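Colleague: just a sequence and a predicted model for now, questions to come.
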Amino acid sequence: MTLELLIPPLPLTLALCGIIFLAAHFVPVSNLVFSHTQGEWAIAFWVISLLFVIPAALHFFKAKTTVDPRYPEKSQILVINGIYKFSRNPMYVGFWFAIIGCTLFTGNALGGIFTLFFIPYMNRFQILPEERHLKQKFGEAYTDYCLNVRRWL
């Protein structure tokens, strides 16, 4: 399908966060205040986001393999250490937490929709194509890894 591996996850995440902030500004009727601490919760989710994304990216750089998921064929090594012992896609988990943080910060209902659809979208158009390639390239090692580590959390 044409959407597979088309939109890199980081630019997608930044675009969604930008849209959430723009919608909060230009369509304030869709903003909801559901807690006097939602700003603090937003900051907590942004921090958690960084705690997933930064170590995950550092493991890729240390392994000298690509962090660009649009080209899984450029993968040189199967990274399964560090945070990758707990999630096969910690960068995507971090991106999801960033979107949640933006949604909480603005209280914008559109952000809630993006939050709900981010995981199914990523599974279908990003992760499944990556997994097909990684299984082909790394074989049983990748299959064993998938059996022992969850896709998200």
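Modeller: It's in. Everything quoted here is computed from the prediction, not taken from an experiment.
Colleague: contacts only, for the residue most central in space within the chain.
Modeller: The C-alpha lying nearest the average C-alpha coordinate of the chain belongs to residue 92 (CA atoms, centre = their mean; 1.8 Å). Contacts here follow CB atoms under 8 Å, 6 or more residues apart in numbering; on that basis residue 92 touches 9, 122, 126-127, 152. For the C-beta atoms, the positions are set from N, CA and C on the backbone; glycine is no exception.
Colleague: PyMOL command to pick out the buried ones of the residues you listed?
Modeller: Buried members of the contacts of residue 92, defined by 16 or more other CB atoms under 10 Å, are picked up in PyMOL with:
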select buried, resi 9+122+126+127
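Colleague: between the contacts of residue 92, which sits nearest residue 143?
Modeller: residue 127 (15.4 Å; CB to CB).
Colleague: burial count for residue 137?
Modeller: Other residues near residue 137 come to 14 when the count uses other CB atoms under 10 Å.
Colleague: that one contacts residue 75, correct?
Modeller: Yes: using CB atoms under 8 Å, residue 137 makes contact with residue 75 at a distance of 6.3 Å.
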